[in-house]
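> Structural data only, the sequence is not supplied:
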């Protein structure tokens, strides 16, 4: 080819005409064969190359600008879609969980069912909720980052779908946490109530059984008319026996009142089997009223037989008078020694121990009383044996008996063991060491519970102040503004690392808290902290760190994209903090107005007057209408006028270059000048051009450019 000038010239002219739109203005024969070709013609042809390549450079610059703008827009749309998805997922999860947390019913009204519900709630707190906390933090971070990117790229603020604003999500989250607290408080209350119900039901049955054993046969006894067929001596004896019964009846009044009181408390606590309790209580009360009426009636009948007073056996009477109270005292003592108890502290069990020790000190006096009763019975036997009066051995005043030694040295048998004072006294003495053992076991249990309380308190008293100290340190870094933004970011990352390293302490406290709840420990006087307050403080600490890191990242992005210096940033921060009187990191409208006036902005001093300029600035800095101005919004505003940002007009000019100064552009031109993905992005979103000079497939790049900056719908 180098040896054939004619062919070379033809090839060059054809390539220029085909690919550069430069017409053939020269003849290869004339150039090759002429000794001196026409210089003006050659210069004119060469200038066509200059103009062709110059236009290509402009097109390349325009394509580069459009690629940049479209790339930013595509990324913003991706972040918006991601925010909408995260918000929808989180709100749907909250909506699903709230009915469960607001449910105040158990599968069964029993303590195991309540404990199973508590285990299910712990699983939700530890396994299901933490990822949602992280998702909420990521949602807020994405929202703040997206708004910062939109402001920096001169785009309108992002307005999420109705009901998915950050405020809506925070409100829903707060409602979820309120439901959690209410659910846990209700569940703990139910556990206490069911535990109390179980204790009262057992106590009720025990007292009813004791009373029914005592009252068995009493109504029939009082209805007997046996006194009509007795001699005068037997009638007198029968009257004394009735007096002893009246004493016994009065002693049992307290037990009946206790049964009624326990039944009432079971009604108040809504015991599931309350119908059975009420029926049994009503039977006992009705029977007690019948006993009282029959006792009065029988007393009146015996009073009519006053003629039997002379032949009363004083020893039997004294025995009955002393034995009945002593027997009732033994009944009460045995009931107390066998009484079930429920305590929740070392102090309460110590009170029971002290009461038991006080009771044991009364045993010597009781032993003396028992000996005197036995002595009376022995005297009766001796007199009966001495005078061979066999009927004297049968006490007509009481059914209570003691075992006495006969003349042959063998104890007399007693057919009714339930009225045997001797065997009941022996049983009572056997119950004392059993009560000692039960109290000792409970003392050990309460001491173990106290150790759990101390273990939780010692850990919580360290973790609680540590969380508060970290929050103060984070606030100090945010408020002081010392060092560069990178230094502040480094400090926050260090705090984040320290908090993550501290997480095992929270987990360890959770384990201790679970043991405390499983042990049914409801109060802890050794600490002001609860697991709930620790959890809330911990979640607030994590949220504060992530929020500050996100804000510092946005400030660095603002500083780098707008070319402001650290000194300028510190001046802006100092102005902001000067008017932030309550150190909330937010400016109220009045504070923001004062800050703008100090910076020289032409806003009115009276905040009640109509001020279009201030309203315009507020709309820029607070597009969502939150009622306050953050430092990031303040920084974006004060730096917006000193930076160069793309505008809709600049983008339209760039498209016009690519279109060859036409008011429309074609899909082929877009595909030729832009990368494939961005070319297709434009083709899919550009409206058809409807001007009079439109050609088939013409696209309207002007409306597309204004839509990119929120000046029209995309």
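Arrived safely, thanks for sending. This one's a predicted model, so the numbers in the text were calculated from it and none came from an experiment.

> Quick check: buried residues in stretch 5-25?
The neighbour-count check on stretch 5-25 (16 or more other C-beta atoms under 10 Å) flags 9, 13, 16, 22 as buried. Any C-beta I mention is one placed from the backbone N, CA and C, and that applies to glycine too.

> Likewise for stretch 584-603?
Those would be 585-588, 591-596, 603, for stretch 584-603 by 16+ other C-beta under 10 Å.

> Can you give me the first-to-last residue distance of stretch 359-367?
Length of stretch 359-367, first residue to last, C-alpha to C-alpha, to the nearest Å: 13 Å.

> what's the spacing between that stretch and its chain's center?
Put simply, stretch 359-367 sits 54 Å off its chain's centre (C-alpha atoms, centre = their mean, to the nearest Å).

> Pull out the buried positions in it.
residue 366.

> residues making contact with that stretch?
326, 329, 333, 336, 429, 432 (C-beta atoms under 8 Å, 6 or more residues apart in numbering).

> where's the dip in pLDDT among the residues you listed?
Ranked by pLDDT, these bottom out at residue 336 (77).

> and the spatially most central residue of the chain, what does it touch?
In the chain, the centroid-proximal residue (C-alpha atoms, centre = their mean) is residue 180; its distance is 3.9 Å. Contacts here follow C-beta under 8 Å, 6+ apart; on that basis residue 180 touches 101, 125.

> and it, how far is that from residue 91?
17 Å (C-beta to C-beta, to the nearest Å).

> what's the answer for residue 454, then?
Residue 454 is 43 Å from residue 91, by C-beta to C-beta.

> More neighbours: those two, which one.
Each of residue 454 and residue 91 has its neighbours counted (other C-beta atoms under 10 Å); residue 91 has more, 16 against 13.

> element containing that one?
If you go by DSSP states H and E, residue 91 is part of helix 39-102.

> Mind checking the pLDDT average for that helix?
Helix 39-102 shows a mean pLDDT of 78.

> Same check on stretch 522-541?
Averaging pLDDT along stretch 522-541 yields 86.

> now stretch 300-315
For stretch 300-315, the per-residue pLDDT averages 56.

> tell me how far the ends of that stretch are from each other?
OK, stretch 300-315 end separation, C-alpha to C-alpha: 25 Å.

> Please apply the same query to stretch 477-489.
The first-to-last residue distance of stretch 477-489 comes to 10 Å (C-alpha to C-alpha).

> For the helix or strand containing residue 118, list every residue counted as buried.
Residue 118 belongs to helix 111-123 when assigned by DSSP H and E. Across helix 111-123, burial judged by 16+ other C-beta under 10 Å covers 111, 114-115, 117-118, 121-122.

> swap in stretch 254-269?
Applying 16+ other C-beta under 10 Å to stretch 254-269 flags 255-256, 259, 262-263, 266 as buried.

> That one - what's its average pLDDT?
82.

> heads up, I number from 772, so please use that
In the new count, where the first residue is 772, that last one comes out as stretch 1025-1040.

> Return the distance of that stretch from the chain's centre.
Relative to its chain's centre, stretch 1025-1040 lies at 37 Å (C-alpha atoms, centre = their mean).

> my guess is residue 1169 is in a helix, correct?
No - the assignment for residue 1169, made by DSSP: H, G, I helix; E, B strand; the rest coil, is coil rather than a helix.

> Might you report the residue contacts of it?
1012, 1015-1016, 1087, 1090-1091, 1094-1095.

> Could you do residue 1284 as well?
Per C-beta under 8 Å, 6+ apart, neighbours of residue 1284: 1227, 1302.

> Show me what secondary structure element comes after the host helix or strand of it.
Using DSSP H and E, the element containing residue 1284 is helix 1256-1289. Using DSSP H and E, the helix or strand that follows helix 1256-1289 in sequence is helix 1302-1333.

> Compute the inter-axis angle for the helix or strand just after that following helix and helix 1256-1289.
Per DSSP H and E, the first helix or strand lying C-terminal to helix 1302-1333 is helix 1337-1350. Interaxial angle, helix 1337-1350 versus helix 1256-1289 (axes from the mean of the first three to the mean of the last three C-alpha atoms, to 10 degrees): 50 degrees.
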